[in-house]
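Chemist: build the 3D model from these lines:
(chains A and B)
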Amino acid sequence: MSGQHHIFSGTGPPTGRWLGPTLVIASCGGIFLVDTLSPLDMAIAVLYALVVLLSARLLERTGLLLVAGSCISLTVLSFTIVHANDYALPSTMRGTVSIVAIMVTTLLCLRNQDATRSLREQAALLDLSHDAIFVRDTSDTVTYWNRGAEALYGWSREEAVGQKASALLKTVFPLARADIASTLIDTGQWEGELAHTTRDGRKLTCISRWSLQRDTRGRPMGTMETNHDITERRRAENQLHEMRADLAHVTRASTLAELTTSIAHEVNQPLAAVVTNGEACLRWLRRPVPDIRETELSVTRAIANARRASDVVARLRAVARQDDSARAPLGVAELVAESAMLLERDLSCHRVGLDLKLNHQLAPVLGDPVQLQQALINLALNAIQAMDGVPEQERMLRISTFLMAADEAAAPARVAIQVEDTGPGVAEETLPLLFTPFFSTKKRGIGLGLSISRSIVEAHAGRINAALGAGRGMCFTMALPIAEDVPQAIAKEALP
Amino acid sequence: MSPVPMITIIDDDESVRLATESLIRSLGFGASCFACAEDFLGSPERCRTNCVITDVQMPGMSGVELQSRLRAEGDAVPLIFITAFPEERIRRQVDAAGAFGFLAKPFDSAAMIDCIGRALQAGAAARQG
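Modeler: As a prediction, this is how the structure comes out:
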């Protein structure tokens, strides 16, 4: 803190240390001599006020009071010497004015010293903060720059003060500056994430808190900006997210590979036996003398193996059906709102806007929230990824919920969730293929997203439909029966 | 006239083994079955067989390992592979080692008959030569 002390107290180098006091004593002596000896009928003693002013820069409270006391004493002494024999009202008045002037000056100086001290203490406190804190005036010029700012940005206080803050830090704002300014004027505060560049060119991400400083008449005077560096945290978060996404992909892909191998093996063995037994059976029959016993054996084995294959499929179904106990009445608007939170990151990565049109009055549907969310997220992720080739300002994901009226096919009214994008859409003839497993229009896609969504929706006795959007892009609709229309038993029967 | 050709079937899945055996016999060949490659290697059938149809994935010795073992011992008996999970890598490997077929289960019997026909012809040619 020695530097700080240096700036505020004015303790000079050793040679200059005695200059001030000498000047004070010399002026006192000079004024006293002129006041006492000069024949001028003037309030010379008023000049003591200058001595007080001079001392205020050199001395603390006690010293200043001492100097002021001395000045008043000297004034009285002078008066006593000069007017010992010819006491007169005008000269008494002049003496009194001088004394009042000295006292007022002293008082002002003391107040000023107090203000300076509290400012100094505040500045010292700001310097203790690890956050970068600076103050800039209404024209964005830096007027204060703390040590945290020096450490974070690499610019020293001397270099930063007087510069335009946003130019110095190459600030990138999350919204238009005018919007930030209007929030600041309205509420006196603003908080958001900024990108700054340090002196050596490193890019930083900072949580920035702004508070507007007003003068005594309430006019904006400047802004105090506190910046907390979250670059590392953000980087770690992004890395973690990428790792998680990669892991999820690998897990899905490898689970799928394992599943495929095991299904292929489990189903192909009995199928091979069925086919081969069938072929053998034909050959036994077509012999010059048909061998009825061998034929019978082949057919019996073929039947047994076909049963075995269907058992494998039944077991697979049972695995897929495991957690249907998690079904409960749930509101689709809430379902969409929750899914939207999970999509935030993908929306921002792909720079896609979200437009939710939710009807919160819809009747609940009966379902497993996790599965239905999965079905919806698959649709939404596809939509988000489909818009990569579209200009950023046109990317919009629209999710709406509404009641789908009963149709001629005697289907009861259903609750629908619609997912629309502004992507390029697909060719009309591709529409029927979209829900086919392993069909994908994406480079890295494994083609299961939509197929899984359809299985889930159909397991909930619902229907899923893909259409080309009204304008451009795709429009997927998940229609689910209303909870009271679905007796538990039917809901379970409808599972795949 | 040469005696009835003997065909060996090695598969750990009994139903596939029995079905294949039935098919082979319906064609008029003799058939012997083994549930694993090790059993076949230790049996006297090894000297009599004219062609071996083997599964690729089996507990213990795999079909591919059986092929290298036979070749390493100088046994040139023709081999036909059947598998429930065809992999291109394995197909190339067994083809390079002279396999007469690599069929995915469920296999087409015409394709199997064709493989057996070529295998027996090659075996006969080798004996005459």
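Chemist: make it CA atoms for all contacts and neighbour counts henceforth
Modeler: OK.
Chemist: contact partners for whichever residue of chain B sits closest to chain A?
Modeler: Proximity to chain A, evaluated over chain B using Cα to the nearest Cα, is greatest for B:Pro106 at 3.6 Å. Contacts here follow Cα atoms under 8 Å, 6 or more residues apart in numbering or on different chains; on that basis B:Pro106 touches A:268-269, A:271-273, A:275-276, B:84.
Chemist: residues near residue 119, how many?
Modeler: Chain wasn't specified; assuming chain A. Using other Cα atoms under 10 Å in any protein chain shown, A:Leu119 has 13 other residues around it.
Chemist: oops, chain B please
Modeler: B:Ala119: 22 neighbours (other Cα under 10 Å).
Chemist: give me the distance between it and B:Met6.
Modeler: To B:Met6, B:Ala119 is 12 Å away according to Cα to Cα, to the nearest Å.
Chemist: list residues touching both of these two?
Modeler: B:Cys51.
Chemist: host element of whichever residue of chain A sits closest to chain B?
Modeler: Closest residue of chain A to chain B, Cα to the nearest Cα: A:Ala272 (3.6 Å). Here A:Ala272 is covered by helix A:231-285, with elements defined by DSSP states H and E.
Chemist: what do you get for A:Pro481?
Modeler: Using DSSP H and E, A:Pro481 falls in strand A:474-481.
Chemist: make JSON lines out of the contacts of B:Pro106 and add pLDDT.
Modeler: Listed next are these as JSON lines, based on pLDDT from 0 to 100:
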{"residue": "A:Asn268", "pLDDT": "84"}
{"residue": "A:Gln269", "pLDDT": "85"}
{"residue": "A:Leu271", "pLDDT": "91"}
{"residue": "A:Ala272", "pLDDT": "91"}
{"residue": "A:Ala273", "pLDDT": "92"}
{"residue": "A:Val275", "pLDDT": "93"}
{"residue": "A:Thr276", "pLDDT": "94"}
{"residue": "B:Ala84", "pLDDT": "83"}
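Chemist: using TSV, please lay out those together with distance to A:Arg111.
Modeler: Compiled in TSV, these are given as follows (distance: Cα to Cα, whole Å):
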residue	distance to A:Arg111
A:Asn268	96
A:Gln269	98
A:Leu271	100
A:Ala272	102
A:Ala273	104
A:Val275	105
A:Thr276	107
B:Ala84	95
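Chemist: now, of the residues you listed, which are buried?
Modeler: A:268-269, A:271-273, A:275-276, B:84 (16 or more other Cα atoms under 10 Å in any protein chain shown).
Chemist: just curious, which of those is nearest to A:Gly469?
Modeler: A:Asn268 (41.4 Å; Cα to Cα).
Chemist: the closest one contacts B:Lys105, doesn't it?
Modeler: Yes - counting by Cα atoms under 8 Å, A:Asn268 touches B:Lys105, with 5.9 Å between them.
Chemist: common neighbours of the two, please.
Modeler: Going by Cα under 8 Å, 6+ apart, residues that sit against A:Asn268 and also against B:Lys105 are B:Ala84.
Chemist: mind listing the strands for chain A?
Modeler: A:132-137, A:142-145, A:189-197, A:203-214, A:220-229, A:328-330, A:353-357, A:365-367, A:396-404, A:414-420, A:463-468, A:474-481 (DSSP state E).
Chemist: would you turn those into TSV with mean neighbour count, mean pLDDT and distance to A:Leu297?
Modeler: Below are the strands of chain A laid out as TSV (neighbours: other Cα atoms under 10 Å in any protein chain shown; pLDDT from 0 to 100; distance: least, Cα to Cα, whole Å):
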stretch	mean neighbour count	mean pLDDT	distance to A:Leu297
strand A:132-137	23	91	87
strand A:142-145	22	90	95
strand A:189-197	18	92	77
strand A:203-214	18	91	76
strand A:220-229	20	90	79
strand A:328-330	15	87	51
strand A:353-357	16	93	64
strand A:365-367	24	88	48
strand A:396-404	20	93	56
strand A:414-420	24	94	53
strand A:463-468	18	89	45
strand A:474-481	23	92	49
